[in-house]
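Enquirer: With the input below, show me the fold.
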Amino acid sequence: MAYGKIIEYIDQGRIHCTLCIQDKGNKLHLLTTHNQQLNISPKRVLLVSGSSIDPQGSREDILHRLKQVDLLREKLKEDIRVKDLWELINGEDESFDYRYLAQLCFGEDVTDDHISALVRALFEDKLYFKMKDGLFVPCAEKKVEQTVRQRDEEALKDERLNMGSAWLKEALLKGPSRAGPDNISVIDMLVELAVHGKDSPNVKDGIELLSRAGIRGIEEARDLLVRLGVWEEDEPVDLYRFNIRRSFDDELIKESFRVSGIDAGGRADLRNLPVFTVDGPTTRDFDDALSIEFLDDHIHVGIHIADVAGGIPPDSPIDREAFLRGSSLYLPERLIPMLPEHLSDDTFSLLEGRDRPAISLLARFDMSGNLDDYSLTPSIIKVRRHWTYDDVNEIYDRDDVFSNLHRLGELLRKKRIEQGALILSLPDPSIEFDEKASISIKMISQETPSRMMVAEMMILYNWLAARFCRDNNIPILFRGQKEPAERLSLEGADYLYYVFMQRRKLLPLVINSEPNPHSGLGLDVYTNLTSPIRRYFDLVCQRQVKHFIVHGGSLYNKEELEKIRLSVSPVIKDLNTVKKNHMNYWILKYFQGCIDREFPAIILDVMKTKYRLIMRDCLYVTEMKREQGRDLKAGMNITVRIKKSDPREGVLKIEPSGKN
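Expert: You can find the predicted model right below:
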């Protein structure tokens with residue numbers, strides 16, 4: 001019978017001292033030290049004392065005696081050195097009863113109070129012993145060491161969370177301040193939350209950090225980073241999501257200043273040629289230049305590409321970094337270069353009035369635009385003038401150089417079209433910012449005279465370099481494309497709709513070491529070498545061509561090229577995703593200021609419940625709910641009204657205007 005006995009049981013991780021005031025067999029009715037009554041199953045009983053307290057006494061007296069017992073046992077618990085006890089019996093592969101362990105601590109003569117104190121001490125410690133079937137089992141030494149490490153780590157984490165939340169509260173109160181070494185982890189955690197949200201690997205710690213700082217919701221992480229001055233308002237979050245390399249370490253920057261761009265040995269001196277560049281007004285990394293002369297009834301064209309291969313050897317520190325980056329990344333408000341800026345904007349850039357090494361294609365055409373011969377040669381050039389596309393557009397028809405270059409470009413394009421090339425160019429949206437940070441979208445045509453002639457010269461260089469490699473059995477990263485699944489007719493169709501639909505019929509571009517036709521360009525073979533400052537594949541191909549010209553043989557074999565392709569291609573894919581997503585962000589930010597304004601669009605697809613359409617002013621593809629009673633057809637031009645635009649969530653809601 002448990003009636004009148006002191007009963008101890010475990011509830012919510014604590015041992016409770018009670019008196020049994022009624023024993024119902026399958027239930028024990030207990031009185032707690034807080035004068036509360038409750039029922040428990042006998043199976044939950046941890047300890048039953050031999051001594052008794054008369055339940056018939058006064059309630060005040062019972063509670064006083066019960067509390068005295070509880071206090072005595074707590075005091076005795078403080079005398080127990082759990083670690084010393086564990087060290088005494090560690091290594092003995094057996095279980096121990098409560099009385100035996102109490103005797104090891106207090107001597108042979110132990111009471112119920114000593115036993116309770118022992119049980120309390122070991123139960124609360126949870127490090128050196130585990131409770132099993134009414135006995136205590138000493139934990140293995142490795143298990144103890146592991147638990148100690150975990151506890152230390154938890155304590156350290158708790159300390160960091162307290163310090164981090166305190167710093168965060170102070171920083172938000174007083175304004176942005178530079179995070180010290182102890183608070184870099186706070187910034188990193190906020191970045192994780194802003195990028196990955198609930199999928200963040202440390203989301204629990206992040207929630208706890210914000211909670212201790214008095215901040216509710218991980219969705220505030222992005223705004224916190226802006227308020228702290230870590231991020232800009234329109235920070236490209238995908239840079240972090242895709243782990244894009246955004247800066248160069250100090251050692252690599254120092255290395256970039258040790259790189260020499262000029263390797264004069266064995267180069268053709270072409271500084272007498274009237275070399276010029278044609279680029280955008282903000283270009284700093286000039287990697288291609290042109291020259292044109294008329295001699296003996298022939299057109300002599302020079303296409304000069306910056307010789308980056310001559311300054312960056314394979315597997316050098318800068319090469320390894322370029323390999324990891326894959327390409328420069330151009331965003332509306334920033335540029336993340338593949339090479340350190342000292343190299344991309346200075347050492348290798350074809351700057352006006354500076355001697356620069358190049359790999360030059362010298363091609364000779366008759367006056368009808370037929371190619372007579374060509375050669376590829378390492379050279380030294382000096383750019384005489386930088387032109388912008390707009391400058392050339394204004395004068396090309398009355399300038400001998402540009403009018404002839406334009407005519408040659410038209411002839412080359414015509415031949416490619418006759419060979420099956422598809423001209424599917426569309427204007428590129430350009431985000432413009434004024435002095436008040438207002439946003440506008442400008443569509444940059446790719447079919448202006450200046451852009452067309454430059455594009456055709458670059459295609460010419462890449463085509464002839466690919467032929468050179470094919471004919472000399474030089475392994476290189478060729479680019480091929482099979483015939484499209486279908487060739488659509490432009491006749492009677494909207495040009496924008498035609499281009500989108502025809503692009504869907506194109507087969508994927510194939511990059512490998514096998515020379516194959518490129519149907520989209522109408523060429524028998526193709527590669528890319530014209531942007532070695534900003535594309536790693538171009539740099540690799542330039543190395544291969546230059547090595548053959550200077551030394552004979554190949555620098556890379558096919559297997560090595562394939563390894564490079566497999567490693568760099570996923571990086572290029574990620575960069576393209578980042579670029580596309582961030583452009584869409586800015587377009588939606590622009591639309592955010594255009595609520596209830598109307599814009600032209602064209603229906604691309606008609607689906608069961610919605611339409612897919614293209615916003616004509618920026619080529620943004622979006623969807624619109626299909627309404628009953630309104631039958632819109634694919635290819636139809638309509639006007640839509642902006643109802644909502646959320647750049648952060650990537651949401652655009654539109655509806656047909658009343659003009660349709």
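Enquirer: need the contact list for the spatially most central residue of the chain.
Expert: The centroid of the chain falls nearest to Phe242 when counting by C-alpha atoms, centre = their mean (1.6 Å). By C-beta atoms under 8 Å, 6 or more residues apart in numbering, the contact set of Phe242 is 574-575, 577-578. To be clear about C-beta, it is placed using only N, CA and C from the backbone, and glycine gets the same treatment.
Enquirer: So of the residues you listed, which two are at opposite extremes in space?
Expert: The two members of those with the most space between them (C-beta to C-beta) are Leu575 and Thr577, at 7.2 Å.
Enquirer: More neighbours: those two, which one.
Expert: Between Leu575 and Thr577, counting by other C-beta atoms under 10 Å, Leu575 is the more crowded of the two (22 against 13).
Enquirer: what's the pLDDT at that one?
Expert: What the model reports as pLDDT for Leu575 is 97.
Enquirer: can you tell me which helix or strand it belongs to?
Expert: Using DSSP states H and E, Leu575 sits in helix 558-592.
Enquirer: Can you pull out the residues in contact with stretch 81-94?
Expert: Stretch 81-94 is contacted by residues 96, 101, 104-105, 121-122, 125, 127-129, 137-139, 141, 144 when judged by C-beta under 8 Å, 6+ apart.
Enquirer: now, which of these lie within strands?
Expert: 129, 137-138 (DSSP state E).
Enquirer: Save the residues you listed as TSV, and put in pLDDT and distance to Gly217 too.
Expert: Formatted as TSV, these follow (pLDDT from 0 to 100; distance: C-beta to C-beta, whole Å):
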residue	pLDDT	distance to Gly217
Phe129	93	42
Val137	92	45
Pro138	92	46
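Enquirer: Helices of the stretch 101-250 of the chain, start to end?
Expert: In the stretch 101-250 of the chain, the helices defined using DSSP state H, counting those that start in this stretch lie at 112-125, 141-174, 184-196, 203-212, 221-227, 238-241, 250-258.
Enquirer: quick one on the thing from earlier: filter the contacts of stretch 81-94 down to the buried ones, ChimeraX style.
Expert: In ChimeraX, a selection of the buried entries from those looks like this (16 or more other C-beta atoms under 10 Å):
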select :96,101,104,105,121,122,127,128,129,138,139,144
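Enquirer: Phe433: which of the contacts of stretch 81-94 is nearest?
Expert: Using C-beta to C-beta, the contacts of stretch 81-94 come closest to Phe433 at Leu127, 60.5 Å.
Enquirer: give the contact list for the closest one.
Expert: Contact analysis of Leu127 by C-beta under 8 Å, 6+ apart lists 82, 139, 144, 147-148, 151.
Enquirer: hang on, the earlier thing: next, give phi and psi for the residue nearest to the centre of the chain.
Expert: Main-chain dihedrals, Phe242, degrees, to the nearest 10: phi -100, psi 10.
Enquirer: do the same with the one 5 residues further on
Expert: With angles defined as degrees, to the nearest 10, Ser247 shows backbone torsions of phi -150, psi 170.
Enquirer: For it, report the pLDDT, please.
Expert: Ser247 is assigned 95 on the pLDDT scale.
Enquirer: could you check the distance from it over to Ala221?
Expert: Look at Ser247 and Ala221: by C-beta to C-beta, to the nearest Å, they are 22 Å apart.
Enquirer: Comparing those two, which residue is more hemmed in?
Expert: A direct count of neighbours by other C-beta under 10 Å for Ser247 and Ala221 places Ala221 higher, at 23 against 9.
Enquirer: List the single closest residue to the more buried one in space, sequence neighbours excluded.
Expert: Excluding the flanking residues, the one nearest Ala221 by C-beta to C-beta, 6 or more residues apart in numbering is Leu193, at 3.7 Å.
Enquirer: Can you tell me the number of residues neighbouring the one you found?
Expert: Residues lying near Leu193 (other C-beta under 10 Å) number 27.
Enquirer: again, but for Lys558
Expert: With neighbours defined by other C-beta under 10 Å, the count for Lys558 comes to 13.
Enquirer: ok, now Lys653?
Expert: Lys653 has 16 neighbouring residues, counting by other C-beta under 10 Å.
Enquirer: buried stuff in the helix holding Leu575?
Expert: By 16+ other C-beta under 10 Å, the buried positions in helix 558-592 come out as 561, 564-565, 568, 571-572, 574-575, 578-579, 582-592.
Enquirer: before we move on, what about stretch 238-254?
Expert: 238-240, 242, 244, 248.
Enquirer: cool, and stretch 73-81?
Expert: 73, 76-77, 80.
Enquirer: In JSON lines: the residues you listed, plus secondary structure.
Expert: As requested, the buried residues of stretch 73-81 are exported to JSON lines (DSSP: H, G, I helix; E, B strand; the rest coil):
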{"residue": "Arg73", "secondary structure": "helix"}
{"residue": "Leu76", "secondary structure": "helix"}
{"residue": "Lys77", "secondary structure": "helix"}
{"residue": "Ile80", "secondary structure": "coil"}
